[in-house]
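[1] only geometry, no sequence info:
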């Protein structure tokens, strides 16, 4: 007679318990290997961040590009040279996104006691998007193409209904922000899509980028995956484990 325990609706045998412990052990070993790689990568990036130039003035910024100084943190104002908008919302923005949504009818099958019924419901569904943005921006006093800086996240602006079944939602970036860009100033210009940290000075940006949060997040996700692997294994039909005793 095999020894087992019941967890909810699932019977867990001794062999399944031992196999689950093995799964946890293997996942833990693999976790330390992957976490080590992440820590090694983070250490390399930290060294890069600490060595990067720290720039807060337009003259320093221009000199850094002229001399291809390399990696740099640059603090200053980011603003639109040519602001944009849609006529229906007005205002002036660095970037505006217009999302179209349609109010659509759907059906689903639900159980009500012993009966099965078709239920009707309506939702606003995505139906397309368009956007407009400045062609030129000014950062730390120097004018450049819009593509040079990765823009801050767009904020909700307004919702305008065209009809009872069609509406448009608007999101946008303000015309001016203050913050820090991390970039590479080789080849006489910033690299495209350089990361912009709105509202942060250089010191807080470096602190943010050199935190150990990536390792903590990895272990959190890895623990969840390990738990899912064990639960998934226990829920399977594992009679083959018992057959092995014969």
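    Looks like it came in fine. Everything numeric here is computed off the predicted structure, so don't read it as measured data. Numbering: from 1, shown residues only.
[2] ok, now which ones touch residue 89?
    Residues near residue 89 by Cβ atoms under 8 Å, 6 or more residues apart in numbering: 96, 157, 158, 160, 170. No exception for glycine: its C-beta is placed from N, CA and C like everyone else's.
[3] wait, is it part of a helix?
    No - read with DSSP: H, G, I helix; E, B strand; the rest coil, residue 89 is coil and lies in no helix.
[4] quick one: secondary structure of the residue nearest to the spatial centre of the chain?
    The central residue of the chain, meaning the one whose C-alpha is nearest the mean C-alpha position (Cα atoms, centre = their mean), is residue 153 at 11.1 Å. Applying three-state DSSP to residue 153 yields a three-state assignment of coil.
[5] Got phi/psi on it?
    Residue 153 has phi and psi values of phi -60, psi 140 when expressed as degrees, to the nearest 10.
[6] hang on, the earlier thing: what's the most distant pair in the contacts of residue 89?
    Taking Cβ to Cβ as the measure, the contacts of residue 89 span a maximum distance of 12.7 Å, between 96 and 160.
[7] who touches both of these two?
    With Cβ under 8 Å, 6+ apart as the test, residue 96 and residue 160 both reach 89, 170.
[8] and the two? which has more neighbours close in?
    Between residue 96 and residue 160, residue 96 has the larger neighbour count (other Cβ atoms under 10 Å), namely 22 against 14.
[9] Local confidence estimate at that one?
    The predicted local distance difference test score for residue 96 is 97.
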